[in-house]
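Undergrad: how would this look folded up:
(2 chains)
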There are 2 protein chains.
Amino acid sequence: MKGILIIADGLGGRPTDMNGNTCLEAADTPYLDALATRGALGLLDPIGPGIRPGSDTAHLSLLGYDPYKVYTGRGVFECLGMGMDVQAGDICFRANFASVEPSQEGLRLLDRRAGRINEGQKELEQALQALAIPGIEIEFLASTQHRGALRIRGEGLSRFVSETDPHETGALLHESRPTQDEAGAEKTAEIINQITQQSYELLKDHPVNRKRIAEGELPANVMLLRGAANCPVLPSIESITGARGAVIAGGALYRGVAEACGMTYLPVAGATGGLDTNIRAKANAILEALKSYDYVFCHLKGTDNAGHDRNAQDKRAFIERMDRELFKILIEQVNWESTHLAFTGDHCTPIDFGDHTVDPVPVLFVGPSIPRDPSTTIGIRVAGQGGLGRFSGRVLPMLLGYCNWAPKFGS
Amino acid sequence: MKGILIIADGLGGRPTDMNGNTCLEAADTPYLDALATRGALGLLDPIGPGIRPGSDTAHLSLLGYDPYKVYTGRGVFECLGMGMDVQAGDICFRANFASVEPSQEGLRLLDRRAGRINEGQKELEQALQALAIPGIEIEFLASTQHRGALRIRGEGLSRFVSETDPHETGALLHESRPTQDEAGAEKTAEIINQITQQSYELLKDHPVNRKRIAEGELPANVMLLRGAANCPVLPSIESITGARGAVIAGGALYRGVAEACGMTYLPVAGATGGLDTNIRAKANAILEALKSYDYVFCHLKGTDNAGHDRNAQDKRAFIERMDRELFKILIEQVNWESTHLAFTGDHCTPIDFGDHTVDPVPVLFVGPSIPRDPSTTIGIRVAGQGGLGRFSGRVLPMLLGYCNWAPKFGS
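TA: Numbers count the residues shown, from 1 in each chain, chains lettered A, B, ... in the order given. So this is what the prediction gives:
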């Protein structure tokens, strides 16, 4: 049997989203409703009740790992998701192009996202190839807009260093400092501070930034580093279950998490990790992948972006587009006699809060092993009445278990 | 108050069992329905969501222990369940009489169960008393059909050894090897290999086997060993709760688990651990035991056997027989003003898969402390709507808690 796991990032919401309804409840979703009618709903705590998840920790939990045991930080998934080679001992960071101005006390933050720069990042990436610390190998790659990933490699490095991002306009950039008394933390913090200073020197007069300033835009003149992490020890899902999986995701973080779990990344043209992603292309990629893999994990990010932007209309519209451009195709073209599907979110991103919250998320399972419940639509209130009850994480192990891929514990 | 825990092994099923219904849903069960009407249902993950249980690990979890902390392997419960004395340092195995033929490369498996031998096992057991390894005390006991248990006692033994059972007809018997670099593993593996070879020498020309061969049956000419385990450290249920319990079970494994938890074994004539077990005798034994013990755990194996045999009719028929020969008697004769009953399975054994799966199992609680829910029957779909929600393991601690036997954690 085959498995399809679809995670719409930040899918969950609150009654405050749209006049007493979550965006998912308010959305017109005839195809999801058809799947709910055939399947069963439940309430999912992505990590556990009352735990407010990050996207990285939530995904680890949904894929079957205990994030309290395996999570080391976000940076490693950003690097893996950019296709970088990450080895034991490397330290990885999520990087932002940001805008700063010099002051007597240090570099002062003007914008954490360099005016959401959308042009010239490759030239800036090129300039940053000149970053140089003796004995340390440095790799930096720019991804979408202001985003990037940095990996440092060398003897005796540590992930226990603080971030340089002050998260507040007008504040001075933070100095990285050791967060634990661990060998190498002092050295690594010093390296991070040097890289930050060097990035400013390399970028401040770069032609891309001169042009931005001339056009009244904020310069991308420094690199902010956060999410220090080393390579987690994750037994692959194939080594645990025997099932071979593929990942379809526009966002680097999600590709990175899935690759760290042993899934094969399948690039899809038009998968942007945003509201404008080509959902139909992802649907077709799922159908294609099912021919070669035992399961496919497909990630959609638009729901979360709209939630962070506190835009209920966009969130509802993205859900309605998923309904017509993904679930319609799956309903029509999947062999439902031998396929199970799970659909959920990795957390809530309610409109009124604009960030992740602790609330549970609806989860839908469909397939021949699933006992139908009375649900005829999907939403947080019907999910609370659903036949699957409430559980924490482990959606992929459950899905693979329904497909008879689970290893037996005991005899 | 008194507690009754009834576990029907492999009770859970899937909609694929019988035209959209599980065997439990399809069964005509007026007495269980009456109990469901008085009580409340829930969904049980025997160990946890998405974890596929063995019967041994599931029972530990249902009885209140964390199998990830206490489980060492199946063998010890098989030995305890045969009434053997097991001490710290002993290594225990589940043993099978099997059929092999010699070949140039080694012993080749013809049948893992020696044609499901059903006569002469005590004579073969007698012959195996000649097993001899210097410095090692060996005890072997045959139980039902091809089944048996082996215990070895001596200095410096280890449970970290691989099994000899290749689980595949036509394959060579496996050599036991160390599975961890632990002191004694090498020595123990060597002992296992010697015992295997000696068992072949002692059994191959045994009169029982000559007769079997003459009659066209497969000989029981070797002992297969698996499930190496040592004695787990389990605080008794009485030491935790003060409640004194008894176990009624035909299968050695279940008796073994319960005895390891401190329950007293009550033999019942006609309890076979199979589809043909005398259910009425077990029901009467429960009533009798309630006079002397605070709680009784009664195990029935037939549901699981039918599931492994992929026989939906047999599974349904066994459930219907439980209804009339067990639950009818309990309804009529138990003092329901001072008794709580929990009924569930230790896992699903769906007909289409013929082995344990991850799916949750219905659980029913009845008694004066239980808030009634609207259920008027029992099955996976009504359980998903049940008033007890979904939870993991610990059915006996919940049952004893409703009977006011639980220790307080904190003050």
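Undergrad: would you list every one of the helices in the stretch 51-200 of chain A?
TA: Shown for the stretch 51-200 of chain A, the helices assigned by DSSP state H, counting those that start in this stretch span residues A:55-62, A:67-70, A:75-81, A:121-127, A:185-203.
Undergrad: Same list, those helices, but as JSON lines with mean neighbour count and mean pLDDT please.
TA: For glycine as for every other residue, the C-beta is placed from the backbone atoms N, C-alpha and C. Output for the helices of the stretch 51-200 of chain A, formatted as JSON lines (neighbours: other CB atoms under 10 Å in any protein chain shown; pLDDT from 0 to 100):
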{"stretch": "helix A:55-62", "mean neighbour count": "27", "mean pLDDT": "97"}
{"stretch": "helix A:67-70", "mean neighbour count": "15", "mean pLDDT": "96"}
{"stretch": "helix A:75-81", "mean neighbour count": "28", "mean pLDDT": "94"}
{"stretch": "helix A:121-127", "mean neighbour count": "16", "mean pLDDT": "97"}
{"stretch": "helix A:185-203", "mean neighbour count": "19", "mean pLDDT": "98"}
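Undergrad: Residues of chain A that sit close to chain B?
TA: A:40, A:42, A:64, A:368-374, A:385-398, A:400-402, A:404, A:406-411 (CB under 8 Å from any CB of the partner chain).
Undergrad: Go ahead and build a ChimeraX selection from the buried members of the residues you listed.
TA: Those of these that count as buried under 16 or more other CB atoms under 10 Å in any protein chain shown are selected in ChimeraX with:
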select /A:40,42,64,368,369,370,371,372,373,386,387,388,389,390,391,392,393,394,395,396,397,398,400,401,402,404,406,408,409,410,411
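Undergrad: What about the residues of chain A next to chain B, which are in strands?
TA: A:40, A:42, A:390-392, A:408-409 (DSSP state E).
Undergrad: Give the full set of residues in contact with whatever residue of chain A ends up closest to chain B.
TA: Proximity of chain A to chain B (CB to the nearest CB) peaks at residue A:410, 2.4 Å away. Counting by CB atoms under 8 Å, 6 or more residues apart in numbering or on different chains, residue A:410 touches B:53-58, B:67, B:71, B:74.
Undergrad: If we use 10 Å, what do you get?
TA: B:46-47, B:51-61, B:67, B:71, B:73-74, B:227, B:347, B:356 (CB atoms under 10 Å, 6 or more residues apart in numbering or on different chains).
Undergrad: how many other residues sit next to residue A:177?
TA: Look at residue A:177: counted by other CB atoms under 10 Å in any protein chain shown, it has 15 neighbours.
Undergrad: sec struct for residue A:297, please.
TA: strand (DSSP: H, G, I helix; E, B strand; the rest coil).
Undergrad: got it, and residue A:3?
TA: Going by three-state DSSP: residue A:3 is strand.
Undergrad: Please look at it and residue A:406 and confirm they touch.
TA: No - between residue A:3 and residue A:406 there is no contact under CB atoms under 10 Å: 11.2 Å.
Undergrad: what's the overlap in contacts for those two?
TA: A:243, A:398-400.
Undergrad: Need the max-distance pair from those.
TA: A:243 and A:398 (12.8 Å; CB to CB).
Undergrad: overlap in contacts of those two?
TA: Common neighbours of residue A:243 and residue A:398 (CB under 10 Å, 6+ apart) are A:3, A:406.
Undergrad: mean confidence score for stretch A:151-167?
TA: Mean pLDDT, computed over stretch A:151-167, is 97.
Undergrad: Show me which residues of that stretch are buried.
TA: Of the residues in stretch A:151-167, those buried (16+ other CB under 10 Å) are A:151-154, A:157-166.
Undergrad: Now find how far off-centre that stretch is within its chain.
TA: 21 Å (CA atoms, centre = their mean, to the nearest Å).
Undergrad: Between the two ends of that stretch, how far is it?
TA: Stretch A:151-167 has its terminal residues 22 Å apart, counting by CA to CA, to the nearest Å.
Undergrad: ok, the nearest residue to residue A:279 once chain neighbours are set aside - how many residues close by?
TA: Closest residue to residue A:279 in three dimensions, ignoring its sequence neighbours and counting by CB to CB, 6 or more residues apart in numbering or on different chains: residue A:325, at 4.0 Å. When neighbours are counted by other CB under 10 Å, residue A:325 registers 18.
Undergrad: and if you look at residue A:313?
TA: Residue A:313: 12 neighbours (other CB under 10 Å).
Undergrad: all helices for the stretch 251-400 of chain A, in order.
TA: A:252-260, A:279-289, A:302-308, A:312-322, A:328-333, A:380-384, A:395-402.
Undergrad: ok, back up a step: overlap between the contacts of residue A:410 and the residues near chain A?
TA: B:46-47, B:51-61, B:67, B:71, B:73-74, B:227, B:347, B:356 (CB under 10 Å from any CB of the partner chain).
Undergrad: what's across from the closest residue to residue A:39 other than its chain neighbours in the sheet?
TA: Distance criterion CB to CB, 6+ apart; nearest residue to residue A:39, sequence neighbours excluded, is residue A:366 at 3.3 Å. Residue A:366 forms beta bridges with residue A:341, as assigned by DSSP bridges.
Undergrad: In contact with residue A:366, which residues?
TA: Taking CB under 10 Å, 6+ apart, we find residue A:366 in contact with A:4, A:34-40, A:330-331, A:334, A:336, A:339-343, A:372, A:402.
Undergrad: what do you get for residue A:276?
TA: Taking CB under 10 Å, 6+ apart, one finds A:250, A:270, A:302, A:305, A:318 in contact with residue A:276.
Undergrad: Generate a ChimeraX selection restricted to the buried subset of those.
TA: The buried residues among these can be selected in ChimeraX (16+ other CB under 10 Å) with this line:
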select /A:250,302,305,318
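Undergrad: Switch the contacts of residue A:276 over to a markdown table; also include pLDDT.
TA: Formatted as a markdown table, the contacts of residue A:276 follow (pLDDT from 0 to 100):
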| residue | pLDDT |
| --- | --- |
| A:250 | 92 |
| A:270 | 94 |
| A:302 | 97 |
| A:305 | 95 |
| A:318 | 98 |
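Undergrad: Can I get the contacts of residue A:276 in TSV including distance to residue A:82?
TA: Formatted as TSV, the contacts of residue A:276 follow (distance: CB to CB, whole Å):
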residue	distance to residue A:82
A:250	13
A:270	19
A:302	21
A:305	19
A:318	25
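Undergrad: Provide the count of other residues in contact range of the closest residue to residue A:24 other than its chain neighbours.
TA: Setting aside the residues directly before and after it, residue A:24 is nearest to residue A:379 in space (CB to CB, 6+ apart), at 5.4 Å. Neighbour count for residue A:379, taken as other CB under 10 Å: 22.
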